[in-house]
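Student: Could you look at this predicted model? Sequence included:
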Amino acid sequence: MIEPPVWTDDQLEAARLRAIAAFSRERLEEPLEDYLEAFDEYQGYVEEVLEATVDLIELDATALDVLGDPRLLEAFRYLAGPPISTDDLKVLADTRSLTRSTLEGRPDLVQRLITIVRQVLDRRRFAWVVEHREPTEAERNAAVLASAALMAASRTQTRRRTIGKDQQEEMVKAALRELGFTEVASRAIRTISHAPGPGQFCGESVLGNRKGDIIVRLWDDRIMPIECKVSNSATNSVKRLNNDAAIKASSWKTDFGLRQVVPSAVLSGVYKLHNLRDAQERGLTLFWAHDLAPLTEWITRTNPEPFTA
C-alpha cells in the first residue's frame, strides 16, 4: 500500500500562505455587480414591507400579505437584530411550514410570528417602532438601506460558498477524469462492496454513516473520500476542517478500517497552521485546490499500470 503524504509544518505553512494569496486575489477581482443587484432587489422588498405595514405600525392588519409572500417573508426575517433564519423562525414559531396556505388556516401562527419579530426587532434600525411614533424620513431611509445591505451581504456570502465549493468539486472531478477515472452514479455505501469499482468515482454519497463530497475507488481497491472545503476566515476553518472533515475521517476509519480508507480534503481559502496540523494528525490527508498535482501524483502511484491518454 502506498501511504498518503504527511506534510511538515513548513510545507503546510507554505501551502497555507499560497491559499490565502489566491483567496485574496479572488475576492479583489470579484465583480461588484452581484452585490449591487442583490442590494437593489432587497431594497425593494424592504420598502414594500414598510409600505404594506405603514412602517411596521399596522403590522397586525397586513401580516398575512407580508408573511404569505416569500419575497417579503425574507425581508420580514431581517427585521430582527440579528436576522432570523428560516429554520430558526420555524422552531421559534413551532411550525413545520411557513407557506401562505398554512398561514391562511392558522391565524394563531400568524400572530405568533408577529410577536416573535416584535420581541427581537432591531431597535437601532427601527427605533420609531419601539418608541411608538412615526419615523422621520431619514430614519426610514436609513432602515431600508441597512436592511438591504444585510440581506445582500448574506446572499453574496452564501453564493461565494456555494460557487466556491461547486468549482472546487468540478476541478477535482476533472483531474480524476484526466487520470482515467470514470464517474458513476452516487449511492449509499454501507460496505466496501457498495463502493465504485477501482478506477471509478462518484459525487456526494453516504459513506458509512456520513456524507462525502467525492468518493474515489483507488486502483489498489482502497476508498478515498474527498471533502472539498472552502474557508473564508481562520475562525470558519475550524468548523469546515476540524469539526467536520476531520471528524468524518475518524468515523470512516472506524467504519471501514485503517487500511481500507484514505480520508482526504481539498482545501482553499484561509486556515490556521495549528488547525491544519490537528486535522492531519487525526488522519485526514490534506491537498490544496491551488495545486492539485500532489493529489493526482499520489493517486497515480496507487496504480500498478498507469493510465495513458
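Tutor: On my side now, so go ahead.
Student: so after the longest strand anywhere in the chain, what's the next helix or strand?
Tutor: Secondary structure of the chain per DSSP state E: the longest strand is strand 223-231. Sequence-wise, the next helix or strand downstream of strand 223-231 (DSSP states H and E) is helix 234-237.
Student: which outside residues touch the longest strand of the chain?
Tutor: Under the criterion CB atoms under 8 Å, 6 or more residues apart in numbering, residues 160-161, 164-165, 168-169, 172, 189, 192, 195, 207, 212-218, 237, 240-241, 244-245, 248, 252, 256, 260-271, 289, 299 lie in contact with strand 223-231. Placement of C-beta: from N, CA and C, glycine included.
Student: from the chain's centre, how far out does it sit?
Tutor: Mean-position distance between strand 223-231 and its chain equals 13 Å (CA atoms, centre = their mean, to the nearest Å).
Student: next one: stretch 81-91
Tutor: On CA atoms, centre = their mean, the centre of stretch 81-91 falls 17 Å from the chain's centre.
Student: domain assignment for this structure?
Tutor: 9-30+179-301, 33-157 (automatic domain parsing).
Student: avg pLDDT for the first one?
Tutor: Confidence over domain 9-30+179-301, taken as the mean pLDDT, stands at 93.
Student: ok, now the shortest one?
Tutor: Taken as a whole, domain 33-157 carries a mean pLDDT of 95.
Student: Run a quick neighbour tally on residue 163.
Tutor: Neighbour count of residue 163, defined by other CB atoms under 10 Å: 12.
Student: list the buried ones in stretch 39-46?
Tutor: 39, 42, 43, 45, 46 (16 or more other CB atoms under 10 Å).
Student: just to confirm, which helix or strand has the fourth one in it?
Tutor: Pointing back at residue 45 there. helix 33-52.
Student: Show me what that helix is in contact with.
Tutor: 56, 62, 65-66, 71-72, 74-76, 78-79, 140, 143-145, 147-149, 151-153, 155-156, 159.
Student: if we can go back for a sec, with respect to burial, which of the domains of the chain scores highest?
Tutor: A comparison of the domains of the chain by mean neighbour count, using mean count of other CB atoms under 10 Å, puts domain 9-30+179-301 on top with a mean of 18.
Student: pull the CA atoms of stretch 136-144 into CSV?
Tutor: Extracted in CSV, the C-alpha atoms of stretch 136-144 (Å, rounded to 0.1, in the frame of the first residue of the first chain):
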residue,chain,number,x,y,z
THR,A,136,-38.6,60.5,10.2
GLU,A,137,-37.8,60.3,6.5
ALA,A,138,-34.1,60.0,7.4
GLU,A,139,-34.8,57.1,9.8
ARG,A,140,-36.9,55.3,7.3
ASN,A,141,-34.3,55.6,4.6
ALA,A,142,-31.5,54.5,6.9
ALA,A,143,-33.5,51.4,8.0
VAL,A,144,-34.2,50.5,4.4
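Student: just how off-centre is that stretch within its chain?
Tutor: 33 Å.
Student: same check, this time on stretch 284-292
Tutor: On CA atoms, centre = their mean, the centre of stretch 284-292 falls 19 Å from that of its chain.
Student: What of stretch 1-11?
Tutor: Chain-centre distance of stretch 1-11: 28 Å, with CA atoms, centre = their mean.
Student: So what touches it?
Tutor: So stretch 1-11 is contacted by 15, 220, 222, 259, 262, 264, 273, 277, 280, 285-286, 294, 298, 301-302 (CB under 8 Å, 6+ apart).
Student: Could you list everything residue 225 pairs with in the sheet?
Tutor: Counting by DSSP bridges, residue 225 is bridged to residue 215.
Student: Can you lay out the domains of the chain as JSON lines showing distance to residue 2?
Tutor: Compiled in JSON lines, the domains of the chain are given as follows (distance: least, CB to CB, whole Å):
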{"stretch": "domain 9-30+179-301", "distance to residue 2": "5"}
{"stretch": "domain 33-157", "distance to residue 2": "39"}
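Student: Farthest-apart pair in the contacts of stretch 1-11, please.
Tutor: 220 and 273 (31.3 Å; CB to CB).
Student: In three-state terms, label the residue lying farthest from the centre of the chain for me.
Tutor: Residue distances from the centre of the chain (CA atoms, centre = their mean) peak at residue 133, which lies 40.4 Å from the mean C-alpha position. Secondary structure, DSSP: H, G, I helix; E, B strand; the rest coil: residue 133 is coil.
Student: I'm done for today, thanks for sticking with me.
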